[in-house]
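J.: Next comes the sequence, and after it the predicted model I'd like to discuss.
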Amino acid sequence: MRFTIAATDKHSKARAGEVSTEHGLIQTPIFMPVGTAGSVKAVHQRELRDDIRAEIILGNTYHLFLRPGLEVLKEAGGLHKFNGWEKPILTDSGGYQVFSLSDNRKITEEGAIFKSHIDGSKHMFSPESVMDIQRTIGADIIMAFDECTPYPCTFEYARNSMERTHRWLERCIRHFDEQEPLYGYKQTLFPIVQGSTNRDLRIQSAEFVASQNREGNAIGGLSVGEPVEDMYEMTELVCSILPADKPRYLMGVGTPVNILEGISRGIDMFDCVMPTRNARNGMLFTSEGIINIRNEKWKKDYSPIDPLLITFADQHYTKAYLRHLFIAGEYLAGMIASVHNLGFYLWLVKESRRRIIDGTFSSWKDEMVIKLSRRL
RNA sequence: GGGGAGAUAGUCAAGCGGUCAACGACAACAGACUGUAAAUCUGUCCUCUCCGAGUUCGAAGGUUCGAAUCCUUCUCUCCCCA
């Protein structure tokens, strides 16, 4: 993997760059649609590639390990071959599931023991096994096994959790560097900064992560319920420590506004389930603001979903029709809304990139933050 | 014409003397969702409202301390036989 910076913004920490992988280039800042179980829910690969213009998507270690399982993934020749996505893939390590499945898991120094949400069976994830699984999935960028620290938590908890994540990171790196890729192309491992909302811990974690000297770095443990100001403060702080010549990935973020704020603080990569999950629940992110398309007020609104007409969904369907599909419980509703939302997210980061390069990012961003916060 | 069954809030549908403003489902309306246990979940849903109050269970009378629930008459609907 290589990272080059094409331009930096004069009035903020924003930068435009390019990540090159053996599955192709990623222009940053970028938003990565989440495809947990090997599928960006409700969206075809063709729409993802040609309409939404996604450059990289996510998969999840925990979900893919449980289903379809490593045997299938390996026989298929890795996730790219299995799901037909030929561009880069990033896999999350299951660290988020340590957080989100907290009732069904136990953390030990060795790793985490999960009770499968599918059949209740028990599985042990260790830093080493998670590296092996991600080798088998074959993602271009794989994530260290961490604990996404819950919020709120005590200082003690945050420190212990962070320190264990650091020890796990060293094991991840050692094990990863000892193994060869399975499918003939290189993979790279990103470490993850933790430390909750505590400045000292975040500094300590960012310095530790930076010292590992990997090809890219991630910030985890944010957007888990803390006030957005805290999220921005931690992002800014950590970005000031992580090396500038490597991509910075803010995990799990966020709303369109969160993304613009992240970009202006020096973040290059984002992922979030929000554009897809919320789409399936009737929430549309548009260039004019946020819409709950199920609301009665759209019943007779025959205008396009978004005046920017970014995707096929925007060009061919009206708000009234999409509302009808949602009210009627039609599958198409979630599909159209997902294409729109992802198309809008990708437009947002590409437009940010364009403006970082031509020098108009900051003023544009300020206007957009106001617009995008609106509830229509 | 004869015999039988039934009428409950937007719809379907429980209730069959007090704990009923009335189970439940659906519809409708609104909200939540941030490295996906989510095409999920939550709330409202007779009227006015903060607690609470006021009108309801086809209609009108009646019995009772008390009725959606019992009685009488009427209106309407459905089924069977002529």
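T.: Happy to help now that I have it. On a predicted model such as this, the values are computed, not experimentally measured, just so you know.

J.: where does A:F82 fall, helix, sheet strand or coil?
T.: Here A:F82 is recorded as helix under DSSP: H, G, I helix; E, B strand; the rest coil.

J.: Tell me the pLDDT of A:L342.
T.: Listed pLDDT for A:L342 reads 98.

J.: Ok, A:P275 next?
T.: For A:P275, pLDDT reads 98.

J.: can you check A:A112 too?
T.: 96.

J.: how close does it get to A:V34?
T.: 21 Å (CB to CB, to the nearest Å). For glycine as for every other residue, the C-beta is placed from the backbone atoms N, C-alpha and C.

J.: residue ranges for the helices of the stretch 51-200 of chain A, please.
T.: A:61-66, A:70-76, A:79-83, A:95-100, A:127-137, A:155-178, A:199-211 (DSSP state H, counting those that start in this stretch).

J.: Out of the ones you listed, which gets nearest to A:M231?
T.: helix A:199-211 (11.3 Å; CB to CB).

J.: is RNA strand B contacted by that closest one?
T.: No. Judged by CB under 7 Å from any atom of the strand, helix A:199-211 stays clear of RNA strand B, getting no closer than 11.9 Å.

J.: quick one: contacts of the following helix or strand past that helix?
T.: Using DSSP states H and E, the helix or strand that directly follows helix A:199-211 along the chain is strand A:217-219. With contact meaning CB atoms under 8 Å, 6 or more residues apart in numbering, strand A:217-219 is reached by A:143-144, A:190-193, A:209-210, A:234-235, A:238-239, A:242-243, A:246-251, A:267.

J.: residues contacting A:D245?
T.: A:F3, A:I5.

J.: residues from the stretch 51-200 of chain A in reach of RNA strand B?
T.: A:58, A:60, A:63, A:92-93, A:95-97, A:99-101, A:103-104, A:117, A:143-144, A:146-149, A:192.

J.: What are the phi and psi values at the closest residue to A:E22 other than its chain neighbours?
T.: Distances taken as CB to CB, 6 or more residues apart in numbering place A:Y185 nearest to A:E22, at 3.9 Å, with adjacent residues excluded. Recorded main-chain torsions at A:Y185 are phi -120, psi 160, according to degrees, to the nearest 10.

J.: okay, now A:Y185: neighbour count?
T.: 13 (other CB atoms under 10 Å).

J.: can you check A:T154 too?
T.: Counted with other CB under 10 Å, A:T154 comes out at 9.

J.: Likewise for A:N278?
T.: 19.

J.: circling back: can you go through the residues of the stretch 51-200 of chain A next to RNA strand B and name the buried ones?
T.: A:58, A:60, A:63, A:92-93, A:95-97, A:99, A:101, A:143-144, A:146-149, A:192 (16 or more other CB atoms under 10 Å).

J.: Identify the spatial nearest neighbour of the residue in the stretch 1-150 of chain A that RNA strand B sits nearest to, chain neighbours not counted.
T.: Residue nearest to RNA strand B within the stretch 1-150 of chain A: A:C148 (2.1 Å; CB to the nearest atom of the strand). Distances taken as CB to CB, 6+ apart place A:F99 nearest to A:C148, at 3.8 Å, with adjacent residues excluded.

J.: before we move on, what about A:V19?
T.: A:I26 (4.2 Å).

J.: Just the CA atoms of the helix or strand the one you found falls within, as CSV, please.
T.: Applying DSSP H and E as the criterion places A:I26 in strand A:24-28. Output in CSV follows, covering the C-alpha atoms of strand A:24-28 (Å, rounded to 0.1, in the frame of the first residue of the first chain):
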residue,chain,number,x,y,z
GLY,A,24,-6.8,-0.2,-7.2
LEU,A,25,-6.6,3.4,-6.1
ILE,A,26,-8.6,5.1,-3.4
GLN,A,27,-8.8,8.8,-3.6
THR,A,28,-9.1,10.4,-0.1
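
J.: how distant is that strand from the center of its chain?
T.: 15 Å (CA atoms, centre = their mean, to the nearest Å).

J.: looking only at pLDDT, what's the mean for the next helix or strand along the chain from that strand?
T.: In the C-terminal direction, the helix or strand that comes right after strand A:24-28 (DSSP H and E) is strand A:30-33. The pLDDT scores in strand A:30-33 average 98.

J.: helices or strands next to strand A:30-33 in the packing?
T.: strand A:57-60, strand A:269-272, helix A:274-280, helix A:331-358 (3 or more CB pairs under 8 Å, 6 or more residues apart in numbering; DSSP states H and E).

J.: Including distance to A:V19, could those go into JSON lines?
T.: Converted to JSON lines, these look like this (distance: least, CB to CB, whole Å):
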{"stretch": "strand A:57-60", "distance to A:V19": "14"}
{"stretch": "strand A:269-272", "distance to A:V19": "8"}
{"stretch": "helix A:274-280", "distance to A:V19": "21"}
{"stretch": "helix A:331-358", "distance to A:V19": "12"}
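
J.: what's the closest of those to A:A158?
T.: strand A:269-272 (22.7 Å).

J.: Work out the sheet partners of that closest one and label each with its direction, please.
T.: Neighbouring strands of strand A:269-272 in its sheet, by DSSP bridges, are strand A:30-33 (parallel), strand A:248-250 (parallel).
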